[in-house]
Each structure stands twice: as C-alpha cells, then as structure tokens.
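>>> sharing a model prediction with you, sequence too.
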Amino acid sequence: MIQYGLEFNDGAGSTIETALAPLANTRTATFNLAPCTGIQVHYHTNHELFQPIKGGLTVGVVNQTNVWRVFNVSAGQLLEIPAGDIHYMLNSGCSGAILVGTWPLETNTTFLLPALGAFPPEAQLMFGRSAFPAVQGTFPLIRDAACLARCGAAAPAAGTAG
C-alpha cells in the first residue's frame, strides 16, 4: 500500500485510510493499529494533531530543544505534535487501537528516520531504552516484541512481513 509516498507494511495487521477535509484545508488519516504495533520514528514539516478514538497509545517526542518526553494518550484525548518534532507512536495494548491524525494540507512532508537504528547505544538513549528496540530496523510500521510476548502473540520470523 502506498500512502503519502511511503510504502506501508500491510502484513503488520494495521491499515491507514486517508481523506481530505476541504472545509478545514487539512488531510486526515485514520490509523488502525494492531496490538503491539506502531508508527516509525518520523517528523513533519507542519504540526500534527491526533486523537485516539479506540484504545490508547504511547507517544515519544523529541522537541526542537532536544527535550525527550513520553505521553500515554487515551481515547478521547487530543495531542498536538509541533512541526519538526521527532516522534513515534506505539499501541502497546493487547487489543487494536484506532487514531485519527490531521495535518495542514499545504506542503506538509513526512520524513522517516530509519537510520536511527544504526546509532550507537549511547546515542539511542534519547529515545528511551524500552522504545528504541521496537523502532530499530523496521520501516515504517513497527512491532514491539515485548508487548507481543506479554499479549501472548508471536512475533513474525526475521525477514518476513509484519
């Protein structure tokens, strides 16, 4: 599946549907995240608003002054990610999560950061020890092996989709 010029891994059990909201001049996407999956570390050239409508998410953000914060966002809460802030989202629950994301339509670009997995361990600390292994080496949907084990699900074999 190709969305926003990115190739998403359908085998991870997650889907993304996009739509335009012309009255607000925005692009809206609905993310259906399977248990223990998330969205790769990335940033946008414009701000992003998102709201879980089912389940919850763990969101890690590094802002423009290199301050690292982790948020647990529940259904019904709204979180704004400022333009340029590096972030990831992870459904660390044992059931699916649905979130709606909205971005300004004009010239918004998303940049994935898969090369972060090549950083030495001391550089990875800014992303948090528990979050980084889930992000490392995947593109762009991620699966959290510790979460899968906790939820009684099997992680995909190395080199396979999902």
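Looks like it came in fine. Residues are numbered from 1 along each chain as shown.

>>> so L90 makes contact with A146?
No. When contacts are counted by CB atoms under 8 Å, L90 is not listed as touching A146 (10.9 Å). For glycine as for every other residue, the C-beta is placed from the backbone atoms N, C-alpha and C.

>>> which one's more surrounded, these two?
Set L90 next to A146 and count neighbours by other CB atoms under 10 Å: L90 wins out with 24 against 13.

>>> point out where this structure drops to low pLDDT.
1-26, 105-141, 153-162 (pLDDT under 70).

>>> grab the longest helix from this structure for me.
Scanning the chain for the longest helix, with DSSP state H as the assignment, gives helix 145-150.

>>> which ones are touching I98?
By CB atoms under 8 Å, 6 or more residues apart in numbering, the contact list for I98 reads T30, F31, N32, L33, P52, I53, K54, G55.

>>> the last one - how many residues pack around it?
Spelled out, that is G55. That count, for G55 with other CB under 10 Å as the rule, works out to 19.

>>> the second one too?
The criterion is other CB under 10 Å. On that basis, F31 has 22 neighbouring residues.

>>> neighbours around I81, how many?
By the criterion of other CB under 10 Å, I81 has 23 neighbours.

>>> and for L78?
Neighbourhood size, L78 [other CB under 10 Å]: 11.

>>> sounds good, over and out.
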